[in-house]
Structure formats: structure tokens, C-alpha cells
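Enquirer: sequence and predicted model, in that order:
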Amino acid sequence: MKILLVHQNFPGQFLHLAPALVARGHEVLALTDEQNKRPSPVRTVRYKAPPAEKPPSGLARAYAEHAGRGWLAARGCRALRDRHGYTPDLIFGHSGWGETLFLREIWPQARLLVYAELLYRTRGHDVGFDPEINPDTDDARAFAITRSAHLIQGLVQADGGLAPTAYQANSFPPELRQKLTVIHDGIDCEKVRPDPEARLELPDGRVLTAADEVLSYVSRSLEPYRGFHRLMRALPDVLAARPQAQVVLVGGDGVSYGSQPRDAASWKDKMLAELDGRLDLDRIHFLGRVPYQQYLSLLRISRVHCYLTYPFVLSWSLTEAMAAGCYIVASDTEPVRELVTDGENGRLVPFFDQEALVSALVRGLAGDPEAARLRAAARRTIAEGYDLQTQSLPRLVDWIESFAP
């Protein structure tokens, strides 16, 4: 088939799928934003980036942004069709930014598939989950509805959709859920594996190994959606109980989900101000965003890996931490329960139970007698159900090919 992959940050979720489709004999082309500088495993064309000025404010803003990007992507595809005679048999695009909205009009005969990552919901997900940060208000629910409009439209138009977890697929209503297949993007368990010889050098030159009491935390951004504020509030008691513990946090100072705090430049600054005088900052190391190999080294030396999240998109960092054989302490929230069972392959604690979080972290740092069993079970969960080469990639390729015209 002639397959067009569409993603503003290509390759994104298509990093391994694109070359696998080429290896199967398909002709694969990628369409992405002109400002995307990420290396691509396949030939790539670019559409004009959205203008810098902001679209209308209020309830219309989200749809205006996504529809605007969708039209720019469609114009790029129209040029491919009219100037270069390109017509794909199948289009597979991430629906999150609106890029697939108008592609059916450019190529009505092509099969259209969407990567349906999550549908925003007014209840049971992030809205109102954490009243301190995101209160349950009429305004918040109204904005959740408007943020979902393009996602619903994208799946309605599609011949099929893909979601990485059952939790994320089930965020869509039943009449749309039936269009979705659940296949995780996959974790390369040969690359992401335990290494007892791993070392992590800190910015001050200190080197940490698995012999140290390392508490790790990883998030694209240090923010409430990933429980950053809950972990920070636990640290005074954790560090007091474990005088040798070192805390290593990976993540940017901006926001990936939600919004910036109103009274600080970042959530990191806000929490440091709130906990001023209560933290031993010599034992807390903020690395920012780090290269992939440094991130893997952190997972491999970690004695306890803490993963907290609202009911929301599941992070790759959890699946990779499990593949690396980490001792997991995670929030007992629905997306996590799909992978982690308390006492079987990790420890779960209620998201808002500060005492339980402190206790679980201290237990792991002190040397939980069950740690070896839990670590092995965590890796086995990923190897048996989420491994890139033996599980996810073959299923993804089969799914794509099942839509051949």
C-alpha cells in the first residue's frame, strides 16, 4: 500500500511502525509540521506551520486551533495531490491536534485511521479530580467538552482508531469505542532492561549506583497531573526517615498538561517555596530533561521509582521503568491499575494519602524483602504483554494491513 502517516511531531508514536511498514514492502510517506526538526525514519513532507497569533479566546479557542492546523495539513495534502499526483491507499494520523480533520475531503477513497489517544471527559477523569489544582466547576466541564470536539469529529470520520491502553480507549463513548483497537506503542525490552553495573553522574560530579538509596521520579514536566506536588510534600518525611536517600527528579519546568501556577513561575518553584526550610536540598537533584541514555541509567540504579498520575494518559515512563526492573510505587488510579497490581508487580497508594505514600517510599528505600520479586514481575508484565518486537509491533502492522483496500 501507499501509506501516509500524519503527526505534527513525527515520528512520535510512529517511530517503530514506520520502518516496520517499509520492511513489509509498503511505500510510506510522513506529513509533519514544517517546524518539526526531529529525524525521520522515512521520507517526510511538511505543511505550513500555524501562524503565531492566537485564535479566538473562550470556548471556541481549542476547536479553532485544531481546525486551523487541520486545514493547513489538508492544504499540504492538496498540493501533494494536485502538484505531485500523490494519492495514498491509507492514511494514519494522530487526531490530537486536528491534522486528520479534513483529509477525507482531499482523498475520499483512502482508508482513514486515527491514533485516538484520549477523549477529555467532564467527570471521572482529570476535571475535578484534584480540587486543589483543578476544581470541579461548570466552566471546567464546559472547556473539557470543547476540547473534545475535534477528537470526536476525527474518530467519527475515520474507518478505525487505535488507542494505547484500554483506559484511554474507554474514555470514548460506546458508540465510538467500538471503532477502537487497543495496542500499546511497545517497549523495546532489549534496550530497556536492568543493568546492575549502571552509573549516573550528577551535575555536581557525584556518581550514583544501584548500591545507593535512590528515589527516582520522571515526568515530561514537573506538574500536578503527574503528582509532582504530592511527591514533593512527601519528601521531608522520607528524607528524615532515610538519611542516606538521594532523590533524582527528571522533567522540565514548564507544563505539558494543565496550567502554570498563578503565584509562581513553575510548579517546581511553587513547591520549593511551600516547603522552604523543610527539605535537604543537598539530597534532591533536579536534572531537568535529560538524554535518553541518562534517563535509562537513572531507572537502572533506582531503588524506588515513584509514578503518580491523575486519571489521564498513561506515561511511557511507567512502562519503561517496569521494563527496566524498577521497584514501583505508584498512584492507585485507573490508568495505572491496568499495568500495576498492588503486591504483585509494584506498590499502589491512594493519590491523596500522603501518609501511605511516605510509608511506601520509605519501605522501598529501606529494602523491601519483596523487592526482587516485585521487580522481576514488573519487567515480566512488560515483556509478556507490551514488548515492541514480540507483541506490539506485529499487532500494529497486522492492524494496519487489515484495512487494505
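Expert: Yep, it's here. As the structure is a computational prediction, the values presented were derived from the model and not from experiment. Numbering: from 1, shown residues only.
Enquirer: stretch 239-250: how far from the chain's middle?
Expert: How far stretch 239-250 lies from its chain's middle: 26 Å, per Cα atoms, centre = their mean, to the nearest Å.
Enquirer: residues of that stretch that come out buried?
Expert: Residues of stretch 239-250 classed as buried: 239, 242, 245-250 (neighbour count, 16 or more other Cβ atoms under 10 Å). (Each C-beta comes from the backbone N, C-alpha and C, glycine too.)
Enquirer: do stretch 331-350 as well
Expert: Buried residues in stretch 331-350, counting neighbours by 16+ other Cβ under 10 Å, are found at 331-336, 339-340, 345-349.
Enquirer: can you put those residues in TSV and add distance to residue 383?
Expert: Below are the buried residues of stretch 331-350 laid out as TSV (distance: Cβ to Cβ, whole Å):
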residue	distance to residue 383
331	23
332	24
333	24
334	23
335	20
336	19
339	13
340	15
345	12
346	15
347	20
348	21
349	25
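Enquirer: show me those residues that map onto helices.
Expert: 334-336 (DSSP state H).
Enquirer: could you check the pLDDT of residue 58?
Expert: At residue 58, the model reports a pLDDT of 85.
Enquirer: next, count neighbours for it.
Expert: 10 (other Cβ atoms under 10 Å).
Enquirer: ok, it - contacts?
Expert: Listed by Cβ atoms under 8 Å, 6 or more residues apart in numbering, the contact set of residue 58 is empty.
Enquirer: for it, give its distance to residue 138.
Expert: 14 Å (Cβ to Cβ, to the nearest Å).
Enquirer: same check, this time on residue 244
Expert: Noted for residue 244: a distance of 49 Å to residue 138, by Cβ to Cβ.
Enquirer: quick one, helices of the stretch 201-350 of the chain?
Expert: Secondary structure of the stretch 201-350 of the chain by DSSP state H, counting those that start in this stretch: the helices cover 228-241, 267-274, 292-301, 316-323, 334-337.
Enquirer: and the first one with helix 267-274, angle?
Expert: In other words, helix 228-241. Inter-element angle recorded for helix 228-241 and helix 267-274: 50 degrees (by axes from the mean of the first three to the mean of the last three Cα atoms, to 10 degrees).
Enquirer: now do residue 16 against residue 325, distance only.
Expert: 22 Å.
Enquirer: higher neighbour count, the two?
Expert: residue 325 (25 against 19).
Enquirer: so who does the residue lying closest to that one once chain neighbours are set aside touch?
Expert: In space, and not counting its chain neighbours, residue 325 is closest to residue 194: 3.8 Å by Cβ to Cβ, 6 or more residues apart in numbering. The contact partners of residue 194, by Cβ under 8 Å, 6+ apart, come to 300, 324-325, 375, 379.
Enquirer: among those, who's most crowded?
Expert: Highest count within these by other Cβ under 10 Å belongs to residue 324, 29 neighbours.
Enquirer: re earlier: just give me the closest of the ones in helices among the buried residues of stretch 331-350 to residue 228.
Expert: residue 336 (15.8 Å; Cβ to Cβ).
Enquirer: grab the nearest non-local neighbour of that closest one.
Expert: With Cβ to Cβ, 6+ apart, the residue lying closest to residue 336 is residue 330, at 4.9 Å.
Enquirer: just checking, that neighbour touches residue 304?
Expert: No: using Cβ atoms under 8 Å, residue 330 and residue 304 do not qualify as a contacting pair, with a distance of 10.7 Å.
Enquirer: hang on, residue 36 in a strand?
Expert: No: assessed with DSSP: H, G, I helix; E, B strand; the rest coil, residue 36 is coil; it does not lie in a strand.
Enquirer: please name the nearest non-neighbouring residue to it.
Expert: residue 9 (5.7 Å).
Enquirer: could you do residue 339 as well?
Expert: In space, residue 339 is closest to residue 381, 6.2 Å off (Cβ to Cβ, 6+ apart).
Enquirer: quick check, the one you found in a strand?
Expert: No: counting by three-state DSSP, residue 381 is not found in a strand; it is helix.
Enquirer: correct me, but residue 405 touches residue 111?
Expert: Yes: in terms of Cβ under 8 Å, residue 405 counts as a neighbour of residue 111; the distance is 5.9 Å.
Enquirer: what touches both of those two?
Expert: By Cβ under 8 Å, 6+ apart, residue 405 and residue 111 have these common neighbours: 89-90.
Enquirer: more crowded one of these two?
Expert: Using other Cβ under 10 Å, the more surrounded residue of residue 405 and residue 111 is residue 111, with 20 against 9.
Enquirer: and the more buried one, what are its bridge partners?
Expert: Per DSSP bridges, the residues bridged to residue 111 are residue 90.
Enquirer: relative to residue 84, how far out is it?
Expert: 20 Å.
Enquirer: again with residue 126
Expert: Relative to residue 84, residue 126 is positioned 42 Å away (Cβ to Cβ).
Enquirer: neighbour count winner among these two?
Expert: Using other Cβ under 10 Å as the criterion, residue 126 and residue 84 rank with residue 126 on top: 22 against 9.
Enquirer: now that one, nearest residue through space, not along the chain?
Expert: Using Cβ to Cβ, 6+ apart, the closest residue to residue 126 is residue 310 (4.7 Å).
Enquirer: test for you: state the pLDDT assigned to the one you found.
Expert: If you check residue 310, the pLDDT there is 97.
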